[in-house]
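J.: return atomic coordinates for the entry below.
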Amino acid sequence: MKPRVLIKIAFFSSILLFCAGFGLYFYFKLSAAQEKKDFNLYTLVPQDAHAIFETNDMASFIDNVNKMSSSENGNYLHVSRLFSIIQSHFQSLSGEIPHGFSEQMNKMLISFHAPDSDRDQVFYCCLGPKDDELLKGFIRKYCSSVYPSKSFDYRGEKMHIYSMIDGGFLACYFTPEFLVVSYQKKLIEEVIDARISGKSLLDDVAFKRAHTKNKVNSDASIYIRMLHIPMGKVNDTIPSFSMLGGWTEFDLRINASAVYLSGVNHNVDSCLTLMNALRCQTPVEVLPGHMLPATTFLFCTCSLSNQKAMLDYVFSHNYATTYSNYIRQRDDELVRFLKDNADGSITSCFFHASDTITTPCAILSIPLIDEPAAKRMLHNLLTSASLESVIPFIPQHIPLHTKKSTYTLFLMPQNTLFARFTGISSSSLLSYACFYDNSLLIGSDSRSLSTYIRLLDEKQVLDKTPTYEERIVNLSTSYNFMLMADLEDVFAHPESYARLIPAFFFRYPDFFSHFIFSIQFTCTNGEVFPNVILSYRNEETNK
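T.: From the prediction side, this is the model:
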């Protein structure tokens, strides 16, 4: 072969090798960048987390929170101390970044852990190029200089402890790919354990199923591990993690006047849970405003089309530690009564009487399939039940005369039916009952029943009132379970009058007292869809 040809071949080969090398360099460079961009923060989350908050746009989310009417009025929810710190220093931090946060750093998670104080949380975010240097500078600027930072080695990974100006300490674990922060050093150790062992929350089959569903356009997502707590349960202690149920995913949207959470629960198993009991029900197709007094501040309607599924769930737990055989027998009789006579739903409500007594009234309303047949069966039940345990001097029958008709209120034997469905507990577990408009009414006392009947006879009901119409505008008329509460009014009374409200709200009454809380559960194709609305009551609404 001629030398000239060899030179040409060598020249072109060099060019090809150079181009190939150049291309491979950028390929691996881009692959590394992509790998860094797609770092999955969930691979760091310990398996015992019971709630997760996630947003892919931290800057926009904080901006939306600050634009809420409640924020503008100085009302903030400090459920997460870590998030509060980020929110308070956000403008300072973002001001040091000319072009805003990197795409990676805008992705944020917060995991919540037992015992669920505002310090039992872990904050996670991805880091883009040079973000770790930015954060180090921010930490040096805003952390206390009284105590120097300390570094610890845990399983070959570096953990840093920084003192805060308020006297607290932050434990940090960061790499060029991510940042993890918590007030609890042990939680950071659990994060490192999850990363090294490869056993994170993603190994929870129920969570993985919930998390991999298609997302909707939302400000953030919240994942909650549902507790198997019976309705109206007296003992409010948190069950162990072995009793925790499946994960529910919520898409979170915020506007100036309301917070919306649209959820889905995919967990289907054989456990006796509220979710599984609701899956068996036919939806209620009407809102209950026509049967609620105008002064109602808390009501709950539950489908009872499949009486066995719902009643088996509600009565599946001991109601209290002191639970006599007499009460168990009465409960069994009332369960059989409901299975034979209840027609489709059951509604409880709390409302104010027109008198000056501050204790709220409470009733349970049960529509009946056949009122005459129900009267006969309940009469036989009361005749056979001994009332020897009744407190002396309590009348067993009370006549009630209204402009419309005359009714008889009769004392029920001790049982837990009313307490389980309303959440009210009392030492005697006594209640009064009355047949009214093809329904069985059960009240906490005779005053509640007589007041309820008079208000309904006089058409003083919620339906068609401007306040009620405003509150139901975003609610569905088809649902399996529904609860609505004016939280300001709820907090004004003992917690024993509102046990159907999640205990979470009672931890932050100063914030939630400004909101109307609504939740509906609907079911489609075996999946349960909980939808929550928190509507802000501005000053004009409060008047």
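J.: run through the stretch 401-543 of the chain and note the low-pLDDT ranges.
T.: The model of the stretch 401-543 of the chain has pLDDT under 70 over residues 425-427, 495-498, 538-543.
J.: where do the helices sit along the stretch 201-350 of the chain?
T.: Counting by DSSP state H, counting those that start in this stretch, the stretch 201-350 of the chain has helices at residues 205-211, 274-279, 307-314, 325-341.
J.: which stretch among those is buried most, on average?
T.: Of all these, helix 274-279 has the most neighbours on average by mean count of other Cβ atoms under 10 Å, namely a mean of 22. (Each C-beta comes from the backbone N, C-alpha and C, glycine too.)
J.: and that helix, what does it pack onto?
T.: Helices and strands touching helix 274-279, by 3 or more Cβ pairs under 8 Å, 6 or more residues apart in numbering; DSSP states H and E, are helix 307-314, strand 515-524, strand 527-536.
J.: next one, pLDDT for Thr175 please.
T.: Looking at Thr175, its pLDDT is 87.
J.: gap between it and His160?
T.: 12 Å (Cβ to Cβ, to the nearest Å).
J.: of these two, which one has the most company?
T.: Using other Cβ atoms under 10 Å as the criterion, Thr175 and His160 rank with His160 on top: 17 against 13.
J.: list the contacts of the more buried one.
T.: Contacts for His160 (Cβ atoms under 8 Å, 6 or more residues apart in numbering) come out as 149-152, 171-174.
J.: compare the helices and strands packed on helix 274-279 and give me the one nearest Asn415.
T.: For these, the distance to Asn415 is smallest for helix 307-314, at 12.5 Å, taking Cβ to Cβ.
J.: and that closest one, how far from the chain's centre?
T.: Centre-to-centre, helix 307-314 and its host chain are 22 Å apart (Cα atoms, centre = their mean, to the nearest Å).
J.: quick check: mean pLDDT of that helix?
T.: Rounded mean pLDDT across helix 307-314 is 90.
J.: any idea of the angle it forms with helix 325-341?
T.: 150 degrees (axes from the mean of the first three to the mean of the last three Cα atoms, to 10 degrees).
J.: name the residues that touch helix 307-314?
T.: 230-232, 272-274, 276-278, 280-281, 302-304, 335, 338-339, 342, 420-421.
J.: so where do the helices sit in the stretch 401-543 of the chain?
T.: 417-422, 446-457, 466-471, 487-491, 503-506, 509-512, 539-542.
J.: pick the most deeply packed of those helices.
T.: Greatest average neighbour count among the helices of the stretch 401-543 of the chain goes to helix 417-422 (a mean of 25), per mean count of other Cβ under 10 Å.
J.: who touches stretch 328-345?
T.: Outside stretch 328-345, the residues touching it (Cβ under 8 Å, 6+ apart) are 282, 284, 301-305, 307-308, 311, 315, 366-370, 373-374, 377-378, 381, 385, 413-417, 440.
J.: how long is stretch 206-225 end to end?
T.: 9 Å (Cα to Cα, to the nearest Å).
J.: for it, buried residues please.
T.: Using 16 or more other Cβ atoms under 10 Å as the test for burial, stretch 206-225 gives 206-207, 210-211, 218-225.
J.: ok, then the element right after the helix or strand of the chain with the lowest mean pLDDT?
T.: Within the chain, no helix or strand scores below helix 3-37, which has a mean of 43 by mean pLDDT, DSSP states H and E. Next along the chain after helix 3-37, taking DSSP states H and E as the criterion, comes strand 51-55.
J.: nearest spatial neighbour of Thr359, skipping sequence neighbours?
T.: His493 (7.9 Å; Cβ to Cβ, 6 or more residues apart in numbering).
J.: show me what contacts that neighbour?
T.: Per Cβ under 8 Å, 6+ apart, neighbours of His493: 350, 359-360.
J.: quick check on the residues you listed: which are buried?
T.: Buried subset of the contacts of His493 (neighbour count, 16+ other Cβ under 10 Å): 350, 360.
J.: want to throw the contacts of His493 into TSV with distance to Thr55 and pLDDT?
T.: Formatted as TSV, the contacts of His493 follow (distance: Cβ to Cβ, whole Å; pLDDT from 0 to 100):
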residue	distance to Thr55	pLDDT
Phe350	36	94
Thr359	43	82
Pro360	39	89
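J.: could you dump the contacts of His493 into a markdown table and include distance to Asn531?
T.: Converted to a markdown table, the contacts of His493 look like this (distance: Cβ to Cβ, whole Å):
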| residue | distance to Asn531 |
| --- | --- |
| Phe350 | 22 |
| Thr359 | 32 |
| Pro360 | 27 |
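J.: quick check: closest non-adjacent residue to Asn341.
T.: Ala374 (4.2 Å).
J.: relative to Ser257, which of the helices and strands packed on helix 274-279 is closest?
T.: Of all the helices and strands packed on helix 274-279, strand 527-536 comes closest under Cβ to Cβ, at 5.0 Å.
J.: elements contacting that closest one?
T.: So strand 527-536, by 3+ Cβ pairs under 8 Å, 6+ apart, packs with strand 244-254, strand 258-265, helix 274-279, strand 515-524.
J.: between it and strand 258-265, how many degrees?
T.: 170 degrees.
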